[in-house]
Structure formats: structure tokens, C-alpha cells
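>>> I need the structure of the sequence given here:
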Amino acid sequence: MKTYQLCYAEMCGIERKKRSAEEDVKRYEDSNPGKYEGSRRHRSLVKYYKRREEKYEVVRLKCTKARNEYLLCVKAANAALHRFFAQDLSYLIDCMDLGMDFWLRALVEKVIEERKKITQHEMDSLASLSTLRSSVDVKADKQKFFEANHQLFMLPKQFEFRPQLGDAIMEVSAEQSLSADLLQRQLQIEKRLEGLQFEVDEVWKSLEASEKQLLQLYNTQFEGDAGKWRNDLHVTYQYYLK
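Residues are numbered from 1 along each chain as shown. This is a model prediction of the structure:
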């Protein structure tokens, strides 16, 4: 943003000088009708005006490039914010779960089994516990948590492009003189996105494998040697959650 502001201020200053030079040429031509052609003063004024015009074009392209960079940064920041609050935040909360829902279901199920062995007169309590067991829902609980704390997890206001006074351009300019630069930037971004997508896919595969391995251990927790099962579970946690 600072670079854009400096470039725009520089462009405005050069533009004023260019207009002043243009007015000097026109004023001289108006004051010397039919006599200015070939005069040294007129050639000097025209030459100075052309230099100002060339300088203005260079600075204008520089300002356009800075504005494009500013706009791209604003759009990228807004996209990153949207993805974090719309998707990544949910994934982060899922990663902090560590199977609490499974252990809660297993605990309630064991209590139900033992209570059935003790007495048939506690059916009302068993019904309540069965309801609790079936009501455990990670997605629903997470949604309720978001709704209860919506001010903390709501998507913030998007960044806005703030143009300098007099600048009406609000979108990225794809002028022919800048097309090569924009194309190169697009290719760099696409290459970077491909690399990130590959990394995400690999991490996702690893997470799926760890989830499958842990579920297999959970489902065999009461079968065979309990000490061996606890040791296998500890080793698995150390491997996948280190």
C-alpha cells in the first residue's frame, strides 16, 4: 500500500508538470500565431513537453504496477481469511478432539453393560444413558459451539482497496505493457498452489491412515492382552501425534 501511495503521488506530480509544459506550449503558440514554427523558443518548449510526457508515461506504468500489486495482495489476504474461517478453523478444532467422542461412547457402553448385569430394576437409568450415548455427535456439538461463540469465529470484514484521491481504477489493470509481468506472476502462483495442494494431499493421506490405525486399536481394546493393547496404543499415538 505504501509503495502504491508513493507511486501515485509521484505520478500526480509528474502529471502536473506535464500539463504545465503543455499549457506553456499552447500559450506561446496562441501569443505568436503563424510565427512560432521553427522558432528556438517553441522548439525548446515542445522538447521539454515531450520529456515530461515520456517521464509521465514511465511513472504511470510504475503506478499501475504498484496498484496491481496492492490489489492482488488485498484479494489474497481476503481469500486467506475466508478459507481460514470457513474451512481451516473447523479442521483445527477437529484435530484437537483426539477421540473424545469415541471414549465417551465406550465409557457409556461399558456402564450400560455392567448395570445390566447388576440389576434389571435400573432400566430407567439405562435408558437415559442410552440416550446420552446416541446423542454424542461431534459435528452437531461443533456447530453449537460455533453458534454459541459466533462473535469469535465469524468471518471478519474484508480488506478494502483504498485508492488515492483522483484514482478511479478499482481492478487489476492488464495493459499490454504489463501482460508479461502478470502472466509470469500467474504462473508462479499456479506453481506454488500445485506444490501446496500436493503437500495437503500427502498430509490428508497420513491423517486418514492414522485415523484408520487408531480406530482399529480402539475396536480391539477389550480383546486379548490389555497390557499389550495399551502399549500398542501408546506407540501409535507417539508415532502419529508426535
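>>> which residue is nearest the middle of the chain?
Computing the C-alpha centroid of the chain and ranking residues by Cα atoms, centre = their mean puts A80 first, at 0.7 Å.
>>> Now name the helix or strand holding that residue.
helix 40-83 (DSSP states H and E).
>>> Now do that helix: which elements does it pack against?
helix 2-31, helix 179-219 (3 or more Cβ pairs under 8 Å, 6 or more residues apart in numbering; DSSP states H and E). All C-beta atoms are positioned from the backbone trio N, CA, C, and that covers glycine.
>>> Just the buried positions in the lowest-mean-pLDDT helix or strand in the chain, please.
Least confident helix or strand, the chain: helix 226-240 with a mean of 73, by mean pLDDT, DSSP states H and E. Using 16 or more other Cβ atoms under 10 Å as the test for burial, helix 226-240 gives W229, D232, L233.
>>> and the angle from that helix to helix 179-219?
170 degrees (axes from the mean of the first three to the mean of the last three Cα atoms, to 10 degrees).
>>> hang on, the earlier thing: out of the buried residues of helix 226-240, which one sits closest to G13?
Nearest to G13 out of these is L233 (Cβ to Cβ; 70.5 Å).
>>> Quick one: neighbours of the residue lying closest to that closest one once chain neighbours are set aside, just the number.
Spatial nearest neighbour of L233, excluding adjacent residues (Cβ to Cβ, 6 or more residues apart in numbering): L217 at 5.1 Å. Counted with other Cβ atoms under 10 Å, the neighbours of L217 add up to 16.
>>> pLDDT averaged over stretch 72-91 - what is it?
Across stretch 72-91, pLDDT averages out at 88.
>>> no, scratch that, I was asking about stretch 195-215
84.
>>> List the buried residues of it.
L214.
>>> sorry, back to before: distance from the chain centre to the least confident helix or strand of the chain, please.
37 Å (Cα atoms, centre = their mean, to the nearest Å).
>>> Could I get the CA-only coordinates of it as PDB?
Extracted C-alpha coordinates of helix 226-240, given in PDB (Å, rounded to 0.1, in the frame of the first residue of the first chain):
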ATOM      1  CA  ALA A 226      -4.900 -55.400  27.900                       C
ATOM      2  CA  GLY A 227      -1.200 -54.500  28.600                       C
ATOM      3  CA  LYS A 228      -0.200 -55.200  25.000                       C
ATOM      4  CA  TRP A 229      -3.200 -53.200  23.800                       C
ATOM      5  CA  ARG A 230      -2.200 -50.200  25.900                       C
ATOM      6  CA  ASN A 231       1.400 -50.400  24.700                       C
ATOM      7  CA  ASP A 232       0.300 -50.600  21.000                       C
ATOM      8  CA  LEU A 233      -2.000 -47.600  21.500                       C
ATOM      9  CA  HIS A 234       0.800 -45.600  23.200                       C
ATOM     10  CA  VAL A 235       3.200 -46.400  20.400                       C
ATOM     11  CA  THR A 236       0.600 -45.400  17.700                       C
ATOM     12  CA  TYR A 237       0.000 -42.100  19.500                       C
ATOM     13  CA  GLN A 238       3.700 -41.400  19.700                       C
ATOM     14  CA  TYR A 239       4.100 -42.100  16.000                       C
ATOM     15  CA  TYR A 240       1.200 -40.200  14.600                       C
END
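>>> Since that was my last question, I'll sign off now.
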